[in-house]
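Visitor: please work out how this folds:
(chains A and B)
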Amino acid sequence: MRIPENRLALPLAALFAVCFVAPLLVLLALSLQAGSEAQGLSLSRISFAHYRDFFADGFNDRILAQTLLLGFKVTAVCLLFGFPVAWIAARARGGWQSTLVLLIVLPILTSVVVRTFSWIVILGRHGIVNQLLQWLGLTGDPVNLLFTETGVVIVLAQVQMPLMVLPIMTVLSKLDPNLLDASRALGAGPWRTLRQVVVPLAAPGILAGCILTYAASVTAFVTQTLIGGARLVYMPLRIYQEAMGANNWPYAAAISIVFMIAVLAVIAIAGKIGNLTRSRAHA
Amino acid sequence: MPSPKPVFSRRIDSVRLVFGTMTGLALIVLVLPTVVILATSFTSSESLQFPPQGYSLRWYRELLDADQMRQAAWNSLVLAFWTMLLSSVLGTAAALGLSGAKPRWTRAADMLFMSPLVLPALAFGFAALVFLYGVGLRPGLALLVLGHTVVCVPFVIRTTLAALSQVDPALRDASRSLGAGQWRTFRKVTLPLIAKGVGAGAFLAFMSSFDNVPVSLFLADERTEVLPIHLWQQISSNLDVRVASASGVIVLSTLVLMLLAERFLGLTRQLGR
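Guide: Numbers count the residues shown, from 1 in each chain, chains lettered A, B, ... in the order given. Model (predicted):
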């Protein structure tokens, strides 16, 4: 029996239809149901009440904005450090390159709970960061980094850095070295070559890295809750509280849908901007 | 053809200097938590401090009595194993299908299969729970495997597609024209050529399932409690020092697995494609 090759994707497509698309559709339907209990879906109880409730509460709006902003901050830090790391790693030779890449992927392979836990030890009142600051005489009293947004950004940047570095490294290592030679021969300095030759050509990798980092940071439940503590609430904790704490499933569903749409919108806009810059680079 | 040597010359320019410094800083920060957790896990005292005042294997010995933690670790390993298996089979098949299909279909299917990487995973975890209750099922190991497979299969597809793109289609055509059937061609020609890519994807799927919190948070119950959730609860309620030694075990096993994956699958080359 000969199976046409493109049918080979069907089993996974079936799994996705049942275990991915269907649950998301049910979630959407539940979010449109009036009342606070999940008592089956019915057309007669369709309402936008949960969405209205969500946006009417200024507390929720702030959490949504803070979560989306957190993603931008982490992505910015990861790009600032990730691009140089990718550049150095892409140009390193054989054994060096493997070692560098292993050091870069080690954090993402290590359990995120473990990494976050380690940061609690590092950032705590008696942690190394405070010891260092006090030794340098920069501060007398220990600085509180745990349970602050700065702390969350630092830890998330470390946790998600590989997601930024790997895609950029992939495009940079495919870069034709002759282009850099040409740019230099034409009199461009290293920074100008970087800005006008390397970055435009690496744009797809940069975009992919930014999208992966952003998506991973906004939904990083473990790091957000352990480093942010109970006072810094981001969207994932908000969903968890309503779903498992308050047991208000329809409301939790509405919050989940708002969160997903917001994140996808940011990613879509990033993709559009990326396409624009790319078409301009080719023009 | 002139060699590309001049580009890779050792000439120190300002870009190299600035980027080198930043890379150095970034690498220190990337590696720091691993070093700190390993050192801290060997502490002899009750408190978590770096550097510890004294070293001992005390908390590793205490792990032997941590029944709940060990049960959770076992659950996580079983779950990660089945997730890896299912992701590898379905993911490899899908990658083969995608590489042979019409571009328009490939784009759409690729987007669908990759979307778990960008969609907030916690929202998907909750959706899965709502759906299960809706159709009258209760969470259990089999359903956890399905949920994990959805979020872990993208890794297998990525690495397998990258490996497939390096395979010369002429080889497959040659095998067919020599009379080998489709299955035989796959087993004797295609699979050996993409095996390392599939292996790297399977490795990533295993690690990412073992580490998964957003899906397990909703689909795991007392019977199927998994390690990351157990540790998360321990850390957020009381700082049990046994969490440090458990972390030490996780870090060391990760290091070993990573080096094995590099040795036998060329992990870094697979990831750099």
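Visitor: leaving out chain neighbours, which residue sits closest to residue B:259?
Guide: Once flanking residues are discounted, residue B:259 sits nearest to residue A:102: 7.9 Å by Cβ to Cβ, 6 or more residues apart in numbering or on different chains. Yep, even glycine has a C-beta here, placed from its N, CA and C like the rest.
Visitor: could you list the low-pLDDT ranges of the chain?
Guide: Chain wasn't specified; assuming chain A. In the predicted model of chain A, residues A:1-4, A:6, A:38-39, A:278-283 satisfy pLDDT under 70.
Visitor: hmm, no, I was thinking of chain B.
Guide: Residues of chain B that meet the cut-off, pLDDT under 70, sit at B:1-12, B:239, B:273.
Visitor: can you name the residue of it nearest chain A?
Guide: As assessed by Cβ to the nearest Cβ, chain A sits closest to residue B:97 within chain B, at 3.2 Å.
Visitor: contact partners for the residue nearest to residue B:259?
Guide: Each residue near residue A:102 by Cβ atoms under 8 Å, 6 or more residues apart in numbering or on different chains is listed here: B:258-259, B:262, B:267-268.
Visitor: can you mark which positions in the host helix or strand of it are buried?
Guide: Here residue A:102 sits within helix A:94-109, counting by DSSP states H and E. Buried residues in helix A:94-109, defined by neighbour count with 16 or more other Cβ atoms under 10 Å in any protein chain shown: A:97-98, A:100-109.
Visitor: same thing with stretch B:58-69?
Guide: Per 16+ other Cβ under 10 Å, stretch B:58-69 contains these buried residues: B:58-60, B:63, B:66, B:69.
Visitor: repeat that for stretch B:260-271.
Guide: B:261-262, B:265-271.
Visitor: correct me if wrong: residue A:42 contacts residue A:32.
Guide: No: applying Cβ atoms under 8 Å, one finds residue A:42 not in contact with residue A:32, separated by 10.6 Å.
Visitor: ok, the two, which is more surrounded?
Guide: residue A:32 (19 against 10; other Cβ atoms under 10 Å in any protein chain shown).
Visitor: contacting residues for the closest residue to the more buried one other than its chain neighbours?
Guide: Excluding the flanking residues, the one nearest residue A:32 by Cβ to Cβ, 6+ apart is residue A:46, at 5.3 Å. By Cβ under 8 Å, 6+ apart, the residues touching residue A:46 are A:32-34.
Visitor: check residue B:234 too.
Guide: B:240, B:242-243.
Visitor: helix or strand: which one has the residue of chain B closest to chain A?
Guide: Here residue B:97 is assigned to helix B:67-100, by DSSP H and E.
Visitor: show me what that helix is packed up against.
Guide: helix A:10-16, helix B:103-114, helix B:141-164, helix B:191-210, helix B:227-237, helix B:242-265 (3 or more Cβ pairs under 8 Å, 6 or more residues apart in numbering or on different chains; DSSP states H and E).
Visitor: apply 6 Å and report the result again.
Guide: helix A:10-16, helix B:141-164, helix B:191-210, helix B:227-237 (3 or more Cβ pairs under 6 Å, 6 or more residues apart in numbering or on different chains; DSSP states H and E).
Visitor: between helix B:227-237 and it, find me the angle.
Guide: Helix B:67-100 runs at 130 degrees relative to helix B:227-237, counting by axes from the mean of the first three to the mean of the last three Cα atoms, to 10 degrees.
Visitor: which residue ranges form the helices in chain A?
Guide: A:10-16, A:22-31, A:49-56, A:58-91, A:94-109, A:112-123, A:128-135, A:149-173, A:177-185, A:190-193, A:199-218, A:221-228, A:235-240, A:249-282 (DSSP state H).
Visitor: give me the buried positions along the shortest one.
Guide: Buried residues in helix A:190-193, counting neighbours by 16+ other Cβ under 10 Å, are found at A:190, A:193.
Visitor: can I get that helix in CSV, CA atoms only?
Guide: The C-alpha trace of helix A:190-193 is given here as CSV (Å, rounded to 0.1, in the frame of the first residue of the first chain):
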residue,chain,number,x,y,z
PRO,A,190,32.8,47.7,11.6
TRP,A,191,29.8,49.4,13.2
ARG,A,192,28.5,50.6,9.9
THR,A,193,28.9,47.1,8.4
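Visitor: work out the gap between the helix holding residue B:97 and the centre of the chain.
Guide: How far helix B:67-100 lies from its chain's middle: 10 Å, per Cα atoms, centre = their mean, to the nearest Å.
Visitor: not counting sequence-adjacent ones, nearest residue to residue B:147?
Guide: Using Cβ to Cβ, 6+ apart, the nearest residue to residue B:147 is residue B:215, at 4.6 Å.
Visitor: cool, and residue A:115?
Guide: residue B:33 (5.1 Å).
Visitor: which residues does the one you found contact?
Guide: Listed by Cβ atoms under 6 Å, 6 or more residues apart in numbering or on different chains, the contact set of residue B:33 reads A:115, A:118-119.
Visitor: ditto for residue A:101
Guide: Residue A:101 neighbours (Cβ under 6 Å, 6+ apart): residue B:268.
Visitor: repeat the analysis, applying 7 Å as the threshold.
Guide: Applying Cβ atoms under 7 Å, 6 or more residues apart in numbering or on different chains to residue A:101 gives the contacts A:89, B:268, B:271-272.
Visitor: same thing with residue A:115?
Guide: Per Cβ under 7 Å, 6+ apart, neighbours of residue A:115: A:107, A:159, B:33.
Visitor: I'd guessed the second one sits against residue A:223; true?
Guide: Yes: counting by Cβ atoms under 7 Å, residue A:159 touches residue A:223, with 5.9 Å between them.
Visitor: between those two, which contacts overlap?
Guide: residue A:112.
Visitor: and which of the contacts of residue B:33 is nearest to chain B?
Guide: residue A:118 (3.7 Å).
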